[in-house]
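Engineer: for reference, the sequence and a predicted model appear below.
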Amino acid sequence: MTKHCKYCSNLIPSIRKSSATYCSDACYYEAKKVRSSTHYSSQQAFINLFNRNKELLEQFYPLHQLGQAVTYAMLDGLQFNWGISEGELQDSDSNIWKVIGKYCYLLNTDKTIAIELCDNSNQ
Ligand SMILES: [Zn+2]
């Protein structure tokens with residue numbers, strides 16, 4: 001009985017185990033990568049990353065208020081996810097702020113971070 005690879009649809013060589021569902025280890029690993037990226041984009045994964053970002057902004061907002069520099073490296077080292085936000089706001093200087101819950105942040109060109117409470121009440 002001939003079987004086809006679940007990833008590339010090529011015939012699975014007869015030298016592979018009879019239980020094999022992929023034609024090669026390469027296809028097996030590619031399929032595994034696709035599966036994990038699907039998992040990553042799931043709702044729960046997004047919520048976890050979002051909450052992590054919110055926690056970090058909560059933690060660093062008081063420092064920023066005190067005039068201490070909050071930097072890209074500091075947040076990045078704590079697994080802040082730069083690709084995740086609820087939305088974006090543009091200020092009068094055309095800076096794009098990313099919105100995370102009640103906070104918004106701006107990555108400055110000098111790699112410092114500005115964190116402000118954002119007013120969502122008129123949205
Ligand atoms: Zn294959």
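Structural biologist: Perfect, thanks for sending it.

Engineer: contacts, neighbours, all on C-alpha from now
Structural biologist: Fine.

Engineer: give me the low-pLDDT residue ranges for the chain?
Structural biologist: 1, 36-41, 120-123 (pLDDT under 70).

Engineer: just the strands in it please.
Structural biologist: 87-90, 96-100, 103-107, 113-117 (DSSP state E).

Engineer: how about the residues of the protein that lie near the ion?
Structural biologist: 5, 8, 23, 27 (Cα under 5 Å from the ion).

Engineer: one more time with 6 Å
Structural biologist: 5, 7-10, 22-24, 27 (Cα under 6 Å from the ion).

Engineer: can I get those in CSV with neighbour count?
Structural biologist: What follows is those, written out as CSV (neighbours: other Cα atoms under 10 Å):
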residue, neighbour count
Cys5, 17
Tyr7, 18
Cys8, 15
Ser9, 13
Asn10, 13
Tyr22, 24
Cys23, 22
Ser24, 16
Cys27, 17
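
Engineer: touching the helix ranked longest in the chain from outside, list them.
Structural biologist: Ordering each helix of the chain by length in residues (DSSP state H) puts helix 43-65 first. With contact meaning Cα atoms under 8 Å, 6 or more residues apart in numbering, helix 43-65 is reached by 39-40, 69-70, 75, 78-81, 84-85, 100-101, 103, 114-116.

Engineer: ditto for stretch 85-93
Structural biologist: If you take Cα under 8 Å, 6+ apart as the criterion, stretch 85-93 is touched by 50, 96-101.

Engineer: now neighbour count and distance to Leu89 too, for the residues you listed, in CSV please.
Structural biologist: Conversion of those to CSV gives the following (neighbours: other Cα atoms under 10 Å; distance: Cα to Cα, whole Å):
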residue, neighbour count, distance to Leu89
Phe50, 19, 17
Ile96, 16, 6
Trp97, 21, 5
Lys98, 22, 6
Val99, 22, 7
Ile100, 21, 11
Gly101, 17, 13
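
Engineer: the closest residue to Lys111 other than its chain neighbours: neighbour count?
Structural biologist: With Cα to Cα, 6 or more residues apart in numbering as the criterion, Lys111 has its nearest non-adjacent residue at 5.4 Å, and that residue is Tyr72. Neighbourhood size, Tyr72 [other Cα atoms under 10 Å]: 16.
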